[in-house]
Each structure stands twice: as structure tokens, then as C-alpha cells.
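Engineer: could you work out the structure for the sequence below:
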Amino acid sequence: MTQTKNRRGAQRRVHGWWIAIASLMATGTPMTWAQTCTPTNLGGFPGARFSDGSFGFQSHLKVNPDGGKASYTLGDHGYTYISNGVSKRSWGTWTSCEPLAANCGNLFKEAEVGAFGPGTQEFCAFALEVEPIPPKTATQECGKGRKIIGNGKGRPILGSDQLDTVDGKKTRYYKSMTHLNQWIDGKALSVDSITIPMIVVPTGNGEMLGRIAYVSHGGKSTFAVVGDTGPNLGEGSIALHELLRYGELQTPPPIGPIKIEDRCGPVEKGVKPPYSVRPDVRNDICKSNQKMRGAADIRGYANIPNGVTTIVLGKARLPMRSATVVGETITLNSIKKAFDDAGYTTEILNRMARCLSP
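Structural biologist: Numbers count the residues shown, from 1 in each chain. From the prediction side, this is the model:
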């Protein structure tokens, strides 16, 4: 009983801990802060909430390639698997494609061969743009913002250009979408995972889209935008991973597959995080004196396992045209400008980060 009382007392002291940030100046704009820091649990991660509406947490960082041209390709050779962008119809209901037993990758390839026409497997797409199959003029929904692919009801939209492949050829890709869009030349377009640092917030928190986040890891940091929704916290775009690992954007690798005769060569050895090589045959990895058993693809799957600090700012947001569309082209400069315009400073961020420190 005594130990229980002591733990409860410690919890009360921790949750009552607060920090005061008073009369700080930000880019010439005076702001007065009387900001409390309340430690809490956020999505299973240690975190804190702040009285200005900000919140922060420490976590791993998974890779979310959605929005990039090379996310999903014909033949399922993109930076992420097709099964990560769809669910499938099974016995009259939509079921997850995540389990290997769902066999969504092969079923999608079969539907692809059948031009997604009548009789092919139906999928519900939440990360792929969809168009109707003529003579139909409208797509069919399978949930809010989701469209049906397959069985003659819809097909994924192909990109207008092509991507370079490992063997020096070209391949087509499917347009990938993000929940947040940007207004470019009179159109609402998805945000590119390859060039824009983005984080993901849980589904049901779409009101956070467009907010600015500060993300740091291993002595490197960057600003990012809340650009997508998903199952959990702890996901970020390819650009975010690269800025945290290298401090600058990298040249993306070509699209696979790496043929069996080319395995363990210069291309495969040159792949670096956040990309990794995923073989078609389980455990078919490059080792000395080991004969390769199949081809492999280059995927965006090299996560940062821990130690990432993310602070989503309560009062910094890109200028929104609507709830899901930024009214301008999103750039690294526009993200930083939104931070400055909201009156935040490096000192404020440092104090927030200290609140999150163990």
C-alpha cells in the first residue's frame, strides 16, 4: 500500500510540473506566454501537452512514402507495397491488406492484368487516386475520401510521366495522394513525400492538417507540416527522414526490381536509409558465399527506431484555402515562415523539448 501511495504522489507531482515562458520576443512580434507543460501519454508514447495547444512526444519514426511519385508503381515495385494503400473486399466487407495471408499484392497484379475490369478483385483505395472506367463517368465510394478500384468500378490513375528503373528502363506509376493538398495552378494536388517534410497524425484528427511541427533526432532538426492521417503517430515522409539523418535531401534511388543476376551489386550496396532492399524471397539477403534465390525491390522501409522528438505547434499553421487544402505551394521556406509568423522562437522550442526529456 505504501508503494502505491508513493507512486500516486509522484504522478501528481509530475503532472503538476509546469514551465513559464514569459514576455519572449519572436521575429519582432511580442508574445506573452504563461505556458503549462502537462506530461501525458500520446498514442502509446511519452509526451506532453502545452497550454497554447501544442503537444509533443518522443517515438520511433516510420517511413510514409505516400504522395511521392514512386510510392506505388505498375507491378508493385514502388517505394511502398500496394497493400499499404488499399484494403480488399472479402465476403461483402472491407478487410485489411496488411496480413500476408490477405495476398493483396498478387490479387492487385491480377486486377492490373485484367485492366481492373469486371470480375477482378475489388479494392478500397485510401492512398491512390482513382478514376472511373469508361463508359462509367463517376467513381464509387467505399468510405469518406476513399474510392473503389477493380471489378469495373474504378482504376488507379497513372502518372503522366515515367520513372527510371534499376536496369536503365522506364516504368509507370500510380498517383499517390495525401490527406493534405496544396493549391498549384488552380488545382488541389497532393504533397510530395520526396521533397516535403511531413508527419502523420491519427485518423480522426484531420483538423490538424497544415499545422507546423518541429522534429529532431540525433542532433539534427527540421520543421515539418502535418500532411497526412493514418493509424498512429510516429510516421514521417521520406524528406523528413532524410533531413533528420543527413541534414539535406538526397537523390532518390531508381525503381526495382533488382533482378536475381544483379543482386548484391553496386545498386543494392548503394541503397541507404530511409530506403532498404526488400527481397521477394524471405531472408534472401546478401551474405558472403550465399546464392541469391530471387529478385528484390527498393522500398522506403528503413525506420528510425527511437529517439525522435516531435512537437506539433498549436498556433503555427500554413495558410489554408479549406480544411484540407493549403492555399499555396508548400516549400521548406513556407513551412519555416509559418513558424516565424506565429511568433515561436528557438528558445520556446528548447523549453518545450526539455519538458519532454526523461
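Engineer: distance between the ends of stretch 197-213?
Structural biologist: 10 Å (Cα to Cα, to the nearest Å).
Engineer: so how far is that stretch off the chain centroid?
Structural biologist: 10 Å (Cα atoms, centre = their mean, to the nearest Å).
Engineer: got the buried residues for it?
Structural biologist: Within stretch 197-213, the residues that count as buried by 16 or more other Cβ atoms under 10 Å are 197-202, 206, 208-213. Every C-beta, even on glycine, is put in place using the N, C-alpha and C of the backbone.
Engineer: okay if I get the residues you listed as JSON lines plus secondary structure, pLDDT and distance to residue 260?
Structural biologist: Formatted as JSON lines, these follow (DSSP: H, G, I helix; E, B strand; the rest coil; pLDDT from 0 to 100; distance: Cβ to Cβ, whole Å):
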{"residue": "197", "secondary structure": "coil", "pLDDT": "98", "distance to residue 260": "36"}
{"residue": "198", "secondary structure": "strand", "pLDDT": "98", "distance to residue 260": "35"}
{"residue": "199", "secondary structure": "strand", "pLDDT": "97", "distance to residue 260": "37"}
{"residue": "200", "secondary structure": "strand", "pLDDT": "95", "distance to residue 260": "35"}
{"residue": "201", "secondary structure": "strand", "pLDDT": "93", "distance to residue 260": "41"}
{"residue": "202", "secondary structure": "strand", "pLDDT": "90", "distance to residue 260": "40"}
{"residue": "206", "secondary structure": "helix", "pLDDT": "86", "distance to residue 260": "44"}
{"residue": "208", "secondary structure": "helix", "pLDDT": "94", "distance to residue 260": "45"}
{"residue": "209", "secondary structure": "coil", "pLDDT": "96", "distance to residue 260": "43"}
{"residue": "210", "secondary structure": "coil", "pLDDT": "97", "distance to residue 260": "45"}
{"residue": "211", "secondary structure": "strand", "pLDDT": "97", "distance to residue 260": "46"}
{"residue": "212", "secondary structure": "strand", "pLDDT": "98", "distance to residue 260": "46"}
{"residue": "213", "secondary structure": "strand", "pLDDT": "97", "distance to residue 260": "42"}
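Engineer: ok, those residues vs residue 191, which is closest?
Structural biologist: Using Cβ to Cβ, residue 198 is the member of these that lies nearest residue 191, at 6.1 Å.
Engineer: hey, what's the closest one bridged with?
Structural biologist: Under the criterion DSSP bridges, residue 198 forms beta bridges with residue 225.
Engineer: strands of the stretch 251-358 of the chain, start to end?
Structural biologist: 276-279, 296-299, 304-317, 325-326 (DSSP state E, counting those that start in this stretch).
Engineer: CA-only coordinates of the third one in PDB, if you can.
Structural biologist: In other words, strand 304-317. Coordinates of each C-alpha in strand 304-317 appear next as PDB, following Å, rounded to 0.1, in the frame of the first residue of the first chain:
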ATOM      1  CA  ILE A 304      14.400   5.400 -37.200                       C
ATOM      2  CA  PRO A 305      13.800   3.100 -34.300                       C
ATOM      3  CA  ASN A 306      13.700   5.600 -31.400                       C
ATOM      4  CA  GLY A 307      14.700   8.900 -30.000                       C
ATOM      5  CA  VAL A 308      12.700  11.200 -32.300                       C
ATOM      6  CA  THR A 309      11.200  14.300 -30.700                       C
ATOM      7  CA  THR A 310       8.200  15.800 -32.400                       C
ATOM      8  CA  ILE A 311       6.400  19.000 -31.300                       C
ATOM      9  CA  VAL A 312       3.200  19.900 -33.100                       C
ATOM     10  CA  LEU A 313       2.700  23.600 -32.600                       C
ATOM     11  CA  GLY A 314      -0.700  24.900 -31.500                       C
ATOM     12  CA  LYS A 315      -0.600  28.300 -33.200                       C
ATOM     13  CA  ALA A 316       1.500  27.800 -36.300                       C
ATOM     14  CA  ARG A 317      -0.200  26.700 -39.500                       C
END
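Engineer: packing partners of it?
Structural biologist: strand 55-63, strand 198-202, strand 211-217, helix 238-246, helix 332-341, helix 346-356 (3 or more Cβ pairs under 8 Å, 6 or more residues apart in numbering; DSSP states H and E).
Engineer: let's see that with 6 Å instead.
Structural biologist: strand 55-63, strand 211-217, helix 346-356 (3 or more Cβ pairs under 6 Å, 6 or more residues apart in numbering; DSSP states H and E).
Engineer: that strand to strand 211-217, inter-axis angle?
Structural biologist: 150 degrees (axes from the mean of the first three to the mean of the last three Cα atoms, to 10 degrees).
Engineer: in its sheet, what does strand 304-317 sit against?
Structural biologist: Strand 304-317 has these strand partners (DSSP bridges): strand 55-63 (antiparallel), strand 211-217 (antiparallel).
Engineer: distance from the chain centre to it, please.
Structural biologist: Here strand 304-317 is found 13 Å from its chain centre; the criterion is Cα atoms, centre = their mean.
Engineer: next, the buried residues of it.
Structural biologist: 304, 308, 309, 310, 311, 312, 313, 314, 315, 316, 317.
Engineer: among those residues, which pair sits farthest apart?
Structural biologist: 304 and 315 (27.3 Å).
Engineer: in this protein, what helix or strand scores lowest on average pLDDT?
Structural biologist: strand 24-26 (a mean of 29; mean pLDDT, DSSP states H and E).
Engineer: break this structure down into its structural domains.
Structural biologist: Structural domains assigned to the chain are 1-69+179-253+297-358, 75-157, 260-296, following automatic domain parsing.
Engineer: residue 65 contacts residue 80, correct?
Structural biologist: Yes: at 4.7 Å, residue 65 counts as touching residue 80 under the criterion of Cβ atoms under 6 Å.
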